[in-house]
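Undergrad: next input, structure requested:
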Amino acid sequence: MSAVFQSRLQDANAIDSARLGRLAITSLHAELACAPKPGLVTPFDTGSHDDMDAGTFLRSLFALRHFFTAIADAGAADAPFAILRAQGIAAEHAMLRATAGINTHRGAIFSLGLLVAAAARCRRQQGHAAPAEQVCLAVQHWADAFAVAPLDASSPGQRARLRHGVPGVREQAAAGYPMLRELAIPTLRHALHSELPRDAAMCQTLMQLVAQVDDLNLLHRGGAEGLAWAQQQARRFIEAGGAFAPGWQAHLHDIGEGFVARRLSPGGSADLLACSWFLLLQEGA
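TA: A predicted model of the protein is given here:
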């Protein structure tokens, strides 16, 4: 390979990594901006949270702005999972410094970080953007390594996972994110192709996820009973037409009041929503 061609290839990869990094931050911002979202932080309220608001999330996003570009670079270079993990740990430390110790994006650092790395690796191999579903499956390239990586047993999500015997984000990733491939992405595509506005399409997708995901954040906050109640509310919203129905915002706002009264927050589903938006954006970038 000539030095000139190699230099051009490196420049192209750098541009792709920067683009994917920006799309990741854009996706997390789109999830934050989406409203109404039962129990979750929006620009208009703090949902079921008394320790964070939209400003907390924005500080976190600013702190993470270089992480997703760096992990795209690593993915394009086919870096081992140990390198990706080290970048994720550094990103988590940056997030906690920016938020005074509040966990805003730990789940997204793992899942969205892996998907960004996988998208970059697919682009490097194929010379073009990969379909969303292919990117999900491409995460399995690192599955053997992240399956044995140390876990933070003290985290609320891990405690809920062990207590209730449900899979967490690591298991979802090892399976190629079936909830993204089979539920969230088709739901989001259908809603957008049906000409729903972005917020409506994202709310529709979020509630489909809440209805079907064993959300560890819901389990941590409300136990099995809280999870079942939240899933029932989401199913009823979808069965009533979801975001396709007239007055859906008021309906979802009313559901949100119930979530807040029970201190429930579907943070795991929100992470998957941001991942879904990124996966669709990267297809056209």
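Undergrad: CA only for contacts and neighbour counts going forward, please
TA: Fine.
Undergrad: pLDDT weak spots in the stretch 51-200 of the chain?
TA: Under the criterion pLDDT under 70, the flagged ranges of the stretch 51-200 of the chain are 151-162, 164.
Undergrad: how does it look with 90?
TA: Flagging of the stretch 51-200 of the chain using pLDDT under 90 yields the residue ranges 146-170.
Undergrad: that one: helices as residue ranges?
TA: For the stretch 51-200 of the chain, the helices defined by DSSP state H, counting those that start in this stretch occupy 54-64, 67-76, 81-99, 106-126, 132-138, 143-147, 156-164, 169-174, 178-179, 185-193, 198-212.
Undergrad: could you check the angle helix 81-99 makes with the longest one?
TA: This means helix 106-126. Helix 106-126 and helix 81-99 are oriented at 140 degrees to each other (axes from the mean of the first three to the mean of the last three CA atoms, to 10 degrees).
Undergrad: so which of the helices of the stretch 51-200 of the chain is nearest Ser265?
TA: Among the helices of the stretch 51-200 of the chain, helix 198-212 comes nearest to Ser265, with 9.9 Å by CA to CA.
Undergrad: which SS class is Pro246?
TA: Assigned by DSSP: H, G, I helix; E, B strand; the rest coil, the conformation of Pro246 is coil.
Undergrad: what is the neighbour count of it?
TA: Counted by other CA atoms under 10 Å, the residues lying close to Pro246 total 11.
Undergrad: quick revisit: including distance to Glu239, could the helices of the stretch 51-200 of the chain go into JSON lines?
TA: Formatted as JSON lines, those follow (distance: least, CA to CA, whole Å):
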{"stretch": "helix 54-64", "distance to Glu239": "30"}
{"stretch": "helix 67-76", "distance to Glu239": "37"}
{"stretch": "helix 81-99", "distance to Glu239": "38"}
{"stretch": "helix 106-126", "distance to Glu239": "29"}
{"stretch": "helix 132-138", "distance to Glu239": "26"}
{"stretch": "helix 143-147", "distance to Glu239": "36"}
{"stretch": "helix 156-164", "distance to Glu239": "27"}
{"stretch": "helix 169-174", "distance to Glu239": "26"}
{"stretch": "helix 178-179", "distance to Glu239": "19"}
{"stretch": "helix 185-193", "distance to Glu239": "14"}
{"stretch": "helix 198-212", "distance to Glu239": "10"}
